[in-house]
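Participant: Quick one: sequence and predicted model below, then my questions.
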Amino acid sequence: MDPKEIIHDWNTEGARASIDVAGVSVHDETLRDGIQCPSAHDPTIEDKVEIVRLMARCGIGSVSVGLPGAGPRAVADSQRLVELIRDEKLPIRPGCAARTHANDIRPIIEISERTGVPVEVMAFIGSSPIRMYTESWGEDRLEELTRSAIRLSAQAGLPTSYVTEDTVRSRPQTLRRLFTAAIEEGASRLVLCDTVGHSTPNGVYNLVSWTRELLVELGVADRIGLDWHGHNDRGLALINSIAAVEGGADRIHGTVLGIGERVGNTSIDQVMVNLRLMGGTDQDLTPLAELVQLVARAVRWEIPVNYPVFGADAFRTGTGVHAAAVIKAERKGDTWLADRIYSGVPAAWFGREQEITVGHQSGESNIRYWLYKHGYEAEDAVVKAIFARAKSQSAMLSDADIEAVIRARP
């Protein structure tokens, strides 16, 4: 059956059509920006290795493996992950964060020289007037730091991204000056940042499209990439990332589960889910659930049960009407239909499946389905006993609860 026969998609039909997300890549910051979260633990190097392997399997294009300027452990972990990518020929590119200072950039150059891998330098500097006022910086000083840092990195032959912190609150004239200087010195990408989670989608679109127009004006739009790096202080990180793509960004940053400073970053897993649903990629994302679980364990993070796609309740239903529809779809022998009748996200695409539970809002169909899935006969007396138990409770029955009812039957 043609999906268009049973689903009318207002996302793609109407006055405002779906945006073109083809060719957009994702850059993961979990092992750098993410673990700056005060509540997150720095994973062991063994866990970091497995995380990077899974990221590569999920089609994540590039990963920040650390900030080597932070000290010897950061250098050792960063180099180990670059060696992993080299030795296992993983389809993911390594990058490292650095201040626009030689002391941060040289360790990255040295890692690249020791491993033979071109590690992307992501050199950051504050650019907003509030930061400039607080630090007593002038634009001349910012341009000087920008030029020396980007030149050092580019002369070493490394791909170089120029990152302006708090870009969303920076003056256009300042950005024009700094971006031009960075490009003249050899930057290959510009990274626009919502460092404090200030932006709305309108603000993101305005900034990204303005920067894209600047690149056209400078005659470099065909060779300078444009990144978006957002934080979630207003709860807008995901939609802001989509607005950034609409404005012309071709790479989106994020972290697994959105971990990061304060309330966190854009959730890279949710970005990938939406890029897949919007037709931007046909990448196999079934390993994404495993990646989310691994990161949660490695940083000692509790995944909210209602977290989109990867929370425990994302595809669970205990409501009789919902469950009955899923069961009817399955009985038609149509897994595609069963995965979409009460879900805007097909669970199977992302390593999950629809789950039907039994609770106080359930019907007998929930119970019969549970019995079938667990290898029990759906005898009327058993169904009625479980039904009565469910209606007497204020929460879902666990598997153990249901099995206790079954065992209690004569």
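Facilitator: Structure's in. What do you need?
Participant: Let me see the contact set for the closest residue in space to P38 that isn't next to it in sequence.
Facilitator: Nearest residue to P38 in three dimensions, chain neighbours excluded: E261, at 7.6 Å (C-beta to C-beta, 6 or more residues apart in numbering). Bear in mind the C-beta positions are built from the backbone N, C-alpha and C, glycine included. Listed by C-beta atoms under 8 Å, 6 or more residues apart in numbering, the contact partners of E261 are D33, Q36, C37, P38, H231.
Participant: Neighbour-wise, which one of those residues leads?
Facilitator: Greatest neighbour count in the contacts of E261, by other C-beta atoms under 10 Å, goes to H231: 25 neighbours.
Participant: Next, the nearest residue to that one once chain neighbours are set aside: secondary structure please.
Facilitator: Distance criterion C-beta to C-beta, 6+ apart; nearest residue to H231, sequence neighbours excluded, is G197 at 4.0 Å. For G197, the assignment made with DSSP: H, G, I helix; E, B strand; the rest coil gives coil.
Participant: swap in T164?
Facilitator: Classified using three-state DSSP, T164 is strand.
Participant: Can you tell me, leaving aside adjacent residues, what's nearest to it?
Facilitator: The shortest distance from T164 to any non-neighbouring residue, by C-beta to C-beta, 6+ apart, is to S127 (4.1 Å).
Participant: gap between the one you found and V204?
Facilitator: 16 Å (C-beta to C-beta, to the nearest Å).
Participant: now, which of the contacts of E261 sits nearest L285?
Facilitator: Proximity of the contacts of E261 to L285 (C-beta to C-beta) peaks at D33, which lies at 22.0 Å.
Participant: mind listing what that closest one touches?
Facilitator: S64, A97, H253, T255, G260, E261, N265 are the contacts of D33 under C-beta under 8 Å, 6+ apart.
Participant: try 7 Å
Facilitator: By C-beta atoms under 7 Å, 6 or more residues apart in numbering, the contact list for D33 reads T255, G260, N265.
Participant: quick one: which of those residues sit in helices?
Facilitator: Of the positions in the contacts of D33, not one sits in helices, assigned by DSSP state H.
Participant: Present the residues you listed as CSV; the columns should include neighbour count and pLDDT.
Facilitator: Formatted as CSV, the contacts of D33 follow (neighbours: other C-beta atoms under 10 Å; pLDDT from 0 to 100):
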residue, neighbour count, pLDDT
T255, 28, 98
G260, 25, 97
N265, 30, 98
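Participant: and which of these is nearest to G71?
Facilitator: Once C-beta to C-beta is applied, the member of the contacts of D33 that ends up nearest G71 is G260, at 20.2 Å.
Participant: Just confirm that closest one contacts I35, I think it does.
Facilitator: No. Look at G260 against I35 with C-beta atoms under 7 Å: they stay out of range, at 8.5 Å.
Participant: Low-confidence ranges, the stretch 301-410 of the chain, go.
Facilitator: Along the stretch 301-410 of the chain, the model assigns pLDDT under 70 to residues 410.
Participant: separation between the nearest residue to N306 once chain neighbours are set aside and E355?
Facilitator: What sits nearest to N306 in space, not counting adjacent residues and going by C-beta to C-beta, 6+ apart, is D313, at 5.5 Å. Computed as C-beta to C-beta, the D313 to E355 distance reads 9 Å.
Participant: do G14 as well
Facilitator: 33 Å.
Participant: Run through this structure and note the low-pLDDT ranges.
Facilitator: 1, 410.
Participant: Now do the residue nearest to the spatial centre of it against L31, distance only.
Facilitator: Centroid-nearest residue in the chain, with C-alpha atoms, centre = their mean: I268, separated by 0.4 Å. In this view, I268 and L31 are 12 Å apart by C-beta to C-beta.
Participant: what do you get for W228?
Facilitator: Plainly put, W228 is 19 Å away from L31 if you go by C-beta to C-beta.
Participant: more neighbours, those two?
Facilitator: Each of W228 and L31 has its neighbours counted (other C-beta under 10 Å); W228 has more, 32 against 27.
Participant: how far away is the closest residue to G264 other than its chain neighbours from A56?
Facilitator: Leaving aside its sequence neighbours, G264 sits nearest to G258 (C-beta to C-beta, 6+ apart; 4.1 Å). In this structure, G258 and A56 are 21 Å apart, going by C-beta to C-beta.
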